[in-house]
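Visitor: Everything below, folded, please.
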Amino acid sequence: MVRFGITGTGRISDWVLKGAAQDPRIKIDAVCSRTAGAAEAFIARNPLAAGAKVYTSVEEMVADPQVDAVYVGTPNHTHCLYTIAALKAGKHVLCEKPLALNAEEGRQMVQAARKNGCLLMEAMVSTLNPNFIAAASRISEIAPVRQYSSYFCQYSSKFEALKRGEVGTAFKPGTAGALRDVGVYTLYPLVALFGKPSSVEGKLSTWQTPEGETDVYGTAYLGYDGMDATLTWSKTFDSFQPTEIAGENGNLILDEIHIARKAEIVPHAAPTSGLGPKPGRTVIGEGLPYNEYYYEFKEFADLIDQGKTESYHNSLETSLSVLEIIDRLLSNALYL
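Guide: Prediction:
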């Protein structure tokens, strides 16, 4: 059994607990929020948290000997502070994406995990999804890969509020924005599959708020040896484009990169004039038999059971590489 302490009582924590509830090894022993009332309301609406202790101090919660691990579901700028506090207290940490606000904070978190011999894993659902893993296992069949294209564009209700001049957590200048919120879903799987790119370019569209500029959508172009990648993300419009990995010997297609419910492989067809039959698509993977967030808790609990301090699928190297790319995009991208 893994006894969790939860930091953050917003929507994301509500969502992930639905997945956590499907793994019988997961128990919620404590909940921490800025106010006792918010923590109590969270416990009341989440059956898995029934009976959990209430804390308003992360430091006090991580000192609780009945807490084995901490889920960090608070805003980005708190990830480093809360994660390191938990690691120093000897707790394993499952931290929401992005792992940190920037690469320097990420390196501090990784150093703390290794120094204290604790498991640290970024809660990136995309790369633990069974359909993504199935697609990853078939890349050799379509190789060499020449192009990766991925989209995560989802009109946000928070953008409606932003247009009214209300700056919420999701668009907080300097700590949030579309790249960190949804763009990371297109970027992390790319780096997990192919490593760090040799070149990074991007375009970010911004919105002026009373607190400064914040990015609301963007596109990135990443170069590899013999391959390139195009990523598009947005919180201001929808897109229904799939994610596609195109190789000389076929294609792999994921219906959504955030939560892939279907993965397909399309073999390379014999050369034709363009009038011949199109190659058929074969569905691979197991679908999505569990809640999408189940898989990150399963991976985390499996690693603890195995005495491991790092995930193969969501490695710390991948997390740090992604943060370095985000830093480069935010500092060097063409702003529109």
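Visitor: Now do the helices in the stretch 101-250 of the chain.
Guide: 103-116, 130-136, 139-142, 157-163, 178, 184-194 (DSSP state H, counting those that start in this stretch).
Visitor: Can I get those in TSV including distance to Thr209, mean neighbour count and mean pLDDT?
Guide: All C-beta spots, glycine's among them, are computed from the backbone N, C-alpha and C. Listed next are those as TSV, based on distance: least, CB to CB, whole Å; neighbours: other CB atoms under 10 Å; pLDDT from 0 to 100:
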stretch	distance to Thr209	mean neighbour count	mean pLDDT
helix 103-116	23	18	98
helix 130-136	34	20	98
helix 139-142	41	16	97
helix 157-163	7	15	88
helix 178	13	28	96
helix 184-194	21	24	98
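Visitor: For this structure, give the helix that spans the most residues.
Guide: Counting residues, the longest helix found in the chain (DSSP state H) is helix 316-332.
Visitor: Other residues contacting that helix?
Guide: Contact with helix 316-332 is made by 98-100, 102-103, 105-107, 110, 113, 120, 122, 124, 127, 179-180, 183-184, 187-188, 191-192, 195-197, 200-202, 204, 215, 218, 220, 222, 310, as judged by CB atoms under 8 Å, 6 or more residues apart in numbering.
Visitor: Need the mean per-residue confidence for it.
Guide: Throughout helix 316-332, pLDDT has a mean value of 96.
Visitor: Now do the buried residues in that helix.
Guide: 316, 318-330 (16 or more other CB atoms under 10 Å).
Visitor: Is my assumption valid that Ile6 occupies a position in a strand?
Guide: Yes - under DSSP: H, G, I helix; E, B strand; the rest coil, Ile6 sits within a strand.
Visitor: That one bridge partners, please.
Guide: Val31, Tyr71 (DSSP bridges).
Visitor: so who does it touch?
Guide: Ile6 neighbours (CB under 8 Å, 6+ apart): 13, 17, 28, 30-32, 42, 49, 52, 70-71, 73.
Visitor: for the helices of the stretch 101-250 of the chain, which one sits closest to Phe237?
Guide: Among the helices of the stretch 101-250 of the chain, the nearest to Phe237 by CB to CB is helix 157-163 (9.3 Å).
Visitor: Give me the packing partners of the helix or strand sitting right after that closest one along the chain, helices and strands only.
Guide: Following helix 157-163 in sequence order, the next helix or strand is helix 178 (DSSP states H and E). Packing partners of helix 178 (3 or more CB pairs under 8 Å, 6 or more residues apart in numbering; DSSP states H and E): strand 212-224.
Visitor: Export the strand it packs on to PDB, keeping only CA atoms.
Guide: The C-alpha trace of strand 212-224 is given here as PDB (Å, rounded to 0.1, in the frame of the first residue of the first chain):
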ATOM      1  CA  GLY A 212       1.900  41.300 -18.000                       C
ATOM      2  CA  GLU A 213       1.900  39.100 -21.200                       C
ATOM      3  CA  THR A 214       1.000  35.500 -21.100                       C
ATOM      4  CA  ASP A 215       1.200  32.900 -24.000                       C
ATOM      5  CA  VAL A 216      -2.100  31.600 -25.200                       C
ATOM      6  CA  TYR A 217      -1.100  29.400 -28.200                       C
ATOM      7  CA  GLY A 218       2.000  28.500 -30.100                       C
ATOM      8  CA  THR A 219       3.900  26.300 -32.600                       C
ATOM      9  CA  ALA A 220       7.400  24.800 -32.200                       C
ATOM     10  CA  TYR A 221       9.700  23.400 -34.900                       C
ATOM     11  CA  LEU A 222      12.300  20.900 -33.600                       C
ATOM     12  CA  GLY A 223      15.100  19.400 -35.700                       C
ATOM     13  CA  TYR A 224      16.700  16.000 -35.400                       C
END
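Visitor: from what I can see His268 touches Ile142, true?
Guide: Yes - the criterion here is CB atoms under 8 Å, and His268 meets it with Ile142 at 7.4 Å.
Visitor: Can you report how many residues lie near Ala176?
Guide: 21 (other CB atoms under 10 Å).
Visitor: What's the separation between the residue nearest to Leu193 when sequence neighbours are not counted and Met121?
Guide: Spatial nearest neighbour of Leu193, excluding adjacent residues (CB to CB, 6 or more residues apart in numbering): Ala136 at 6.1 Å. Separation of Ala136 from Met121 (CB to CB, to the nearest Å): 18 Å.
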